[in-house]
Each structure stands twice: as structure tokens, then as C-alpha cells.
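J.: Build me a structure from this.
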Amino acid sequence: MEAILEAQGRDTFGKNEARRTRASGRVPAVVYGALSGQGERKAQPIAVDPKALLRILHSGANTLISLNVAGSGESKVLIKEYQLDPVTHAVLHADFYQVAMDRAIKVTIPVLVKGEPKGVKQQGGILEFVRREIEVECLPGDIPEHVEVDVAELMVNQGVRLRDVATDPKWKAVTEPDTLLVHVILPKAEEAASAAAEGAAAAPAAAAAEPEVIKKGKKEEEGEAKK
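T.: Residues are numbered from 1 along each chain as shown. Have a look, this model is predicted:
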């Protein structure tokens, strides 16, 4: 997934400059890893259109962006961080980092499930997410939107680990293969009831065992007395 974002350069960093940028109807932002005229890496302050930026944010966190900065040319970037107003949810600031299309990067992608587990339909279980995201390594142009987990055959007390998920030659998982992603469990009330029932069943068995031990002890005592 790729998007285009137009931007304007800013002269300086700082809170006052950021306020002026917002007052003009644009969002202050910074591009990290941008190339200067001497080929050195530097941080470049820019300003972008808030509506265009919001559309990109809604399309996904790993959207590859063709960033066109007036007077500086085009570069490929990803959104590193962004800040929202807690009341209006307007974008207050954004950080981008420049990527090389021929160099692998590490990104975090969401875990999505496919199907309804048999353990939910037939056994009354609950599908529980243990891990909603994993980290993968790939080229910027091959970033997957998500990893899909098929849960249709899962019964209660069964789960899917990362090693069970189909891989793709375009990316490799960085997260540990044994990481549990999802599993089907019983509701807590049923677990408690099941544990209580097991405890109640175990108590009479223990009580029934005691007389046998005592009886055995008596027989041994009687045998010794006869001797």
C-alpha cells in the first residue's frame, strides 16, 4: 500500500514554530534520515496537510508514503510516530523516517483471525487473543498489511503459535516462532465450576482410602500378635 503526501519545508524546530504552523492550518512534522545536499543524514522540519495525513493514518500504520517536499524532491517514508489532540483528535505532530527501497526494515503488523473456532460453536469456549501484533523484516515495498490466522479447527485448550502460520517469501518473522497468538479457553465461571467439581470428586476418594489403610494396619497388628 502506497500513498502520496505533499509537504512544505519549515525553517526551524521548536514549539513556537509548531504553533505558527498549526495556526496556518497545517501540521508540523519532521522527516528523520532525510539526505542533505552533502549526502549527510539530518532531521528536516516540514508541514503537511492535516486531511491528507489523516487519510493515510486511517489506511494503516505501515503505509509507504511518497513524500514530496517543495524544493527538496521526493522520498519514500513511513510514519514513525504521531500525536493527537486528546479532545478533538486532530493531528498535532507527526514524525516520518526515510527508507531505502532496497534495504530491509523491521515493522510491526497486526494479527487477524479467519473463521469461527469449533471450540466456540460446539464447546462454549472463548477465542482469546494472546498477541495481536508481530514483528517482521522485509523490504519497504513488501510490507504485509497483516498476518492471517485460521482458527476454524481450534477446540478448547488449543491454540495457534507463530510457527503454525503460513509464511511468505517476501517477509520473515522476527518475533519468536513459539509465540502463542490465539487460543480457545473456557469461560472463567465454567473453569471455576470444573475445578470445584474435580475437588469435590477427589475428596470422597481420599476419604474412602483411609479405612483401607487403617484396616490394613489392623491386620498387620493382628498377625504380629499371633506370632
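J.: Domain boundaries for this protein, per the record?
T.: According to automatic domain parsing, the chain comprises the domains 2-98, 105-185, 188-227.
J.: now those domains as JSON lines including mean pLDDT and mean neighbour count?
T.: The C-beta positions use only the backbone N, C-alpha and C, and glycine is treated the same way. Output for the domains of the chain, formatted as JSON lines (pLDDT from 0 to 100; neighbours: other C-beta atoms under 10 Å):
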{"stretch": "domain 2-98", "mean pLDDT": "88", "mean neighbour count": "15"}
{"stretch": "domain 105-185", "mean pLDDT": "96", "mean neighbour count": "15"}
{"stretch": "domain 188-227", "mean pLDDT": "51", "mean neighbour count": "9"}
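J.: Can you tell me what sits against the longest strand seen in the chain?
T.: Longest strand in the chain by number of residues, with DSSP state E as the criterion: strand 73-84. Strand 73-84 has contacts (C-beta atoms under 8 Å, 6 or more residues apart in numbering) with 31-32, 34-35, 53, 56-57, 61-69, 90-101, 105, 107, 140.
J.: repeat that with 6 Å
T.: Outside strand 73-84, the residues that touch it by C-beta atoms under 6 Å, 6 or more residues apart in numbering are 65-68, 92-99, 101.
J.: Go through the residues you listed and say which is closest to Val165.
T.: Val99 (25.2 Å; C-beta to C-beta).
J.: Please name the spatially closest residue to that closest one (chain neighbours excluded).
T.: Pro140 (4.5 Å; C-beta to C-beta, 6 or more residues apart in numbering).
J.: I figured that neighbour hits Ala100, correct?
T.: No - in this structure, Pro140 is not within contact of Ala100 by C-beta atoms under 6 Å, at 7.6 Å.
J.: Pull the contacting residues for the residue nearest to Val99.
T.: Contacts of Pro140 by C-beta under 6 Å, 6+ apart are 64, 99, 101, 105.
J.: Can you list the residue ranges for strands in the protein?
T.: 2-9, 27-35, 41-48, 64-69, 73-84, 91-98, 105-114, 126-129, 133-138, 147-150, 159-161, 171-173, 180-185.
J.: tell me the angle the longest strand of the chain makes with strand 2-9.
T.: Interaxial angle of strand 73-84 relative to strand 2-9 (axes from the mean of the first three to the mean of the last three C-alpha atoms, to 10 degrees): 90 degrees.
J.: Partner strands of strand 73-84, with direction?
T.: According to DSSP bridges, strand 73-84 forms sheet pairs with strand 64-69 (antiparallel), strand 91-98 (antiparallel).
J.: I'd like those strands as TSV, with distance to Gln8 appended.
T.: Shown next, in TSV, are the strands paired with strand 73-84 (distance: least, C-beta to C-beta, whole Å):
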stretch	distance to Gln8
strand 64-69	7
strand 91-98	14
